[in-house]
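[1] what would the 3D arrangement of this be:
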Amino acid sequence: MVRNSSLRTLPSVGPGWTTSKLDDGRLLEVVAAAEPLLEARAADLTELTRLAWQLGDRHVPVQILTNRLRVRREPALETLLAALGAKTTAIEAPFEPESGAYASAHADGHGHYDHHHHDH
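    As a prediction, this is how the structure comes out:
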């Protein structure tokens, strides 16, 4: 544990980790742990966009990659993605979902994926 030192965050070197520099010059590396995820692929980018829209409409945290999407591995999401025509693969990897437009508004830990209902 580092105490009484201020941190200066350095530019991200790659997905899943961040490096910070302590006042005394030491580097602190924070590495994201692997999580059980589903990786979803579609026939083309139009279909992938539809998948992303459907997940976003349900306020599901999604990591968007060049030709695939990643979501937390949950049976309901696997069923939904299959029904939408996605090819899914269970993987273990760091999860870095998009922060979304309301990320700072939900800093209190309340997220839309808490299964409450509201009108859009």
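
[2] who's in contact with stretch 42-56?
    40-41, 62, 64, 67-69, 71, 77, 80-81, 84-87 (CB atoms under 8 Å, 6 or more residues apart in numbering). Placement of C-beta: from N, CA and C, glycine included.

[3] filter the residues you listed down to the ones in strands?
    Within these, residues falling in strands by DSSP state E are 40, 41, 64, 69, 71, 87.

[4] from those, list just the buried residues.
    The neighbour count (16 or more other CB atoms under 10 Å) marks 40, 41, 69, 71 as buried among those.

[5] list just the nearest of those residues to residue 98.
    For these, the residue nearest residue 98 by CB to CB is residue 69; the value is 10.1 Å.

[6] on the pLDDT front, check the closest one for me.
    Per-residue confidence (pLDDT) for residue 69: 98.

[7] need the contact list for it.
    By CB under 8 Å, 6+ apart, the contact set of residue 69 is 39, 40, 48, 51, 52, 55, 62, 63.

[8] if we can go back for a sec, biggest separation within the buried ones among the ones in strands among the contacts of stretch 42-56, which pair?
    The widest separation within those (CB to CB) is 12.4 Å, between 41 and 71.

[9] just to revisit the earlier point, could I get the buried ones among the ones in strands among the contacts of stretch 42-56 as CSV with distance to residue 96?
    What follows is these, written out as CSV (distance: CB to CB, whole Å):
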residue, distance to residue 96
40, 16
41, 18
69, 12
71, 12
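
[10] which helix is the longest one in this structure?
    As assigned by DSSP state H, the longest helix anywhere in the chain is helix 45-57.

[11] before I go, just wanted to say thanks for your time.
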